[in-house]
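Trainee: structure here, sequence nowhere to be found:
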């Protein structure tokens, strides 16, 4: 069985082209069997490198990083709101500002050590990725019971739709590859308090954002698709493309892949990734019987040819919730209220 390596994304601010090239080289050098680093858009990054010589300390603990070129844009952020690892390249221009992590960007060895430090800080996320990858490999039927992943008598992970997923701290892809998926009666498992715990929806959503695998079942590219329910996720985790697809399917039940491409202007690969993420959290379906009652009534023969996905989607393994509102869609961002943060 192949071991899937997650991608960690590094965002830069205030860097010149030369510095961006240095950062790219450091990212490549820091990649390993544990995780692969690559540069990404600043807003989508897991970690940030900020150019210290262009960082200005503003009142109320705000920072502004000036662009390296006249055509660039500055980045402004509040230190109290930073929710990911951040490091500053030397020298630091702001008087009296002493960030926790600094390094000379021109020193590749120092830059690589910072990325390794970041990877250590994100070991919980890496363990969750490994568990989601193992779910993809083993395809347990999540609705038929609770699951434990055992290596001998050692409990590596627990997956239960109601309790969520729990992972042993520091677990790796190799650990899970050596384990066995064992089904238990629903509700018969316990997640140890020391284990990293997350909802199954959150686990699979984050995996879908990172994996290079194609998670969308083949028939989702040819058959009619339907909105089922809003993703059970904080609203801030959904991007405009996800909300756009939700809106289209809620307003026009039965659109297929080609129709969604035409309606949204998304290319085949971006659309596939968006649909994959919505699929693994149970937000969309190819089965009209599972569709939310937010659109026009379906004809009696609408279920002809509908097939079930092979991926263990939260959608296909859990009953449709009974609390979905039945009303016309008039919200142009999302058809039903999403979770608040």
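Mentor: In hand now; what should we look at? Bear in mind the structure is a predicted one, so any value in this text is a computation, not a measurement.
Trainee: how many residues are close by residue 192?
Mentor: Using other Cβ atoms under 10 Å, residue 192 is surrounded by 11 other residues. Quick note: C-beta positions are derived from backbone N, CA and C, even for glycine.
Trainee: buried set for stretch 134-150?
Mentor: Within stretch 134-150, the residues that count as buried by 16 or more other Cβ atoms under 10 Å are 134, 135, 136, 137, 140, 142, 145, 146, 147, 148, 149.
Trainee: lowest-confidence one in those residues?
Mentor: Within the set of the buried residues of stretch 134-150, pLDDT is lowest for residue 142 (76).
Trainee: is it true that it touches residue 158?
Mentor: No: under the criterion of Cβ atoms under 8 Å, residue 142 is not in contact with residue 158, lying 11.9 Å apart.
Trainee: pLDDT weak spots in this protein?
Mentor: 1-2, 294-341 (pLDDT under 70).
Trainee: how is it partitioned into domains?
Mentor: 7-121, 124-198, 208-317 (automatic domain parsing).
Trainee: endpoints of the shortest one, how far apart?
Mentor: For domain 124-198, the separation between the terminal residues is 10 Å (Cα to Cα, to the nearest Å).
Trainee: now find how far off-centre that domain is within its chain.
Mentor: Computed by Cα atoms, centre = their mean, to the nearest Å, the chain-centroid distance of domain 124-198 equals 18 Å.
Trainee: thinking again about what came up before, keep only those of the buried residues of stretch 134-150 that are in strands.
Mentor: Cross-referencing those against strands under DSSP state E gives 146, 147, 148, 149.
Trainee: JSON lines for the residues you listed, including distance to residue 93?
Mentor: Formatted as JSON lines, those follow (distance: Cβ to Cβ, whole Å):
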{"residue": "146", "distance to residue 93": "54"}
{"residue": "147", "distance to residue 93": "53"}
{"residue": "148", "distance to residue 93": "53"}
{"residue": "149", "distance to residue 93": "49"}
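Trainee: ok, the residues you listed vs residue 56, which is closest?
Mentor: residue 149 (48.6 Å; Cβ to Cβ).
Trainee: and the residue nearest to residue 45 when sequence neighbours are not counted, how far from residue 174?
Mentor: Once flanking residues are discounted, residue 45 sits nearest to residue 11: 2.9 Å by Cβ to Cβ, 6 or more residues apart in numbering. In this view, residue 11 and residue 174 are 29 Å apart by Cβ to Cβ, to the nearest Å.
Trainee: ok, these two, which is more surrounded?
Mentor: Remark: of residue 11 and residue 174, residue 11 carries more neighbours, 20 against 12, as counted by other Cβ under 10 Å.
Trainee: which residues are in contact with the helix or strand that contains residue 24?
Mentor: Using DSSP states H and E, residue 24 maps to helix 17-30. With Cβ atoms under 8 Å, 6 or more residues apart in numbering as the test, helix 17-30 has contacts from 10, 12, 15, 37-39, 49, 51, 68, 89, 105-106, 108, 111-112, 115-116, 119.
Trainee: just how off-centre is it within its chain?
Mentor: Here helix 17-30 is found 24 Å from its chain centre; the criterion is Cα atoms, centre = their mean.
Trainee: run through the helices of the stretch 201-341 of the chain in chain order.
Mentor: Along the stretch 201-341 of the chain, the segments classed as helices by DSSP state H, counting those that start in this stretch run 240-251, 257-264, 268-280, 314-317.
Trainee: and residue 199, which of those helices is closest to it?
Mentor: Closest approach to residue 199 among those (Cβ to Cβ): helix 314-317, 9.3 Å.
Trainee: thinking residue 222 is in contact with residue 256, fair?
Mentor: Yes: at 6.6 Å, residue 222 and residue 256 qualify as touching, with contact defined as Cβ under 8 Å.
Trainee: between these two, point out the one with more neighbours.
Mentor: In this view residue 222 and residue 256 are compared by other Cβ under 10 Å, and residue 256 has more residues nearby, 15 against 12.
Trainee: re earlier: dump the helices of the stretch 201-341 of the chain into a markdown table; add mean neighbour count as well.
Mentor: Below are these laid out as a markdown table (neighbours: other Cβ atoms under 10 Å):
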| stretch | mean neighbour count |
| --- | --- |
| helix 240-251 | 21 |
| helix 257-264 | 16 |
| helix 268-280 | 21 |
| helix 314-317 | 21 |
